[in-house]
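In: turn this into a structure:
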Amino acid sequence: QGHAGGQTNLGTMYDNGHGVAQDYGKALEWYRKAANQGHAGGQFNLGLKYANGDGVAQDYGKAVEWYRKAADQGHAGGQSNLGTMYDNGHGVAQDYGKAVEWFRKAADQGHAGGQTNLGTMYD
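Out: Residues are numbered from 1 along each chain as shown. I've put the predicted structure just below:
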């Protein structure tokens, strides 16, 4: 019935093959429905699919677009992954300052990946 959280959860079921046959295409379909409603989890998961090329052609630019939408809503995973994109220059110009900024936002929420990535920026 258009419930974005449910759509994201259903996408995850298809993504991982839990209770249904694994189907990246259907996972993308459900993630996109949730993402287009502004659901940060759906946006983050759609970013993952584009970053990794799972069920869709790998496209770092689209990954950045979806990670940013999730990150701007305070999604710690989106913030951390957006930082990684800046750190590696994938889909954006490499910018260590912006990477640190996004890693810090994720780390401040207790996100372990953001904390680890922030720490490596000071090595």
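In: C-alpha only now, for contacts and for neighbours.
Out: Will do.
In: distance of the residue nearest the centre of the chain relative to residue 24?
Out: The residue lying closest to the centre of the chain (Cα atoms, centre = their mean) is residue 44, at 3.0 Å. According to Cα to Cα, to the nearest Å, residue 44 stands 15 Å off from residue 24.
In: then residue 108?
Out: The value you get for residue 108 to residue 24, if Cα to Cα is used, is 32 Å.
In: go on, residue 8?
Out: 13 Å.
In: out of those two, which sits in the busier spot?
Out: It is residue 8, of residue 8 and residue 24, that has more neighbours when counted by other Cα atoms under 10 Å, with 28 against 20.
In: tell me which element that one falls in.
Out: Assigned by DSSP states H and E, residue 8 falls within helix 4-16.
In: what's that helix in contact with?
Out: With contact meaning Cα atoms under 8 Å, 6 or more residues apart in numbering, helix 4-16 is reached by 19-24, 26-31, 33-35, 37, 39, 41-42.
In: now the helix or strand that that helix is followed by against helix 4-16, angle please.
Out: Later in the chain than helix 4-16, the nearest helix or strand by DSSP H and E is helix 24-36. Here the directions of helix 24-36 and helix 4-16 differ by 160 degrees (axes from the mean of the first three to the mean of the last three Cα atoms, to 10 degrees).
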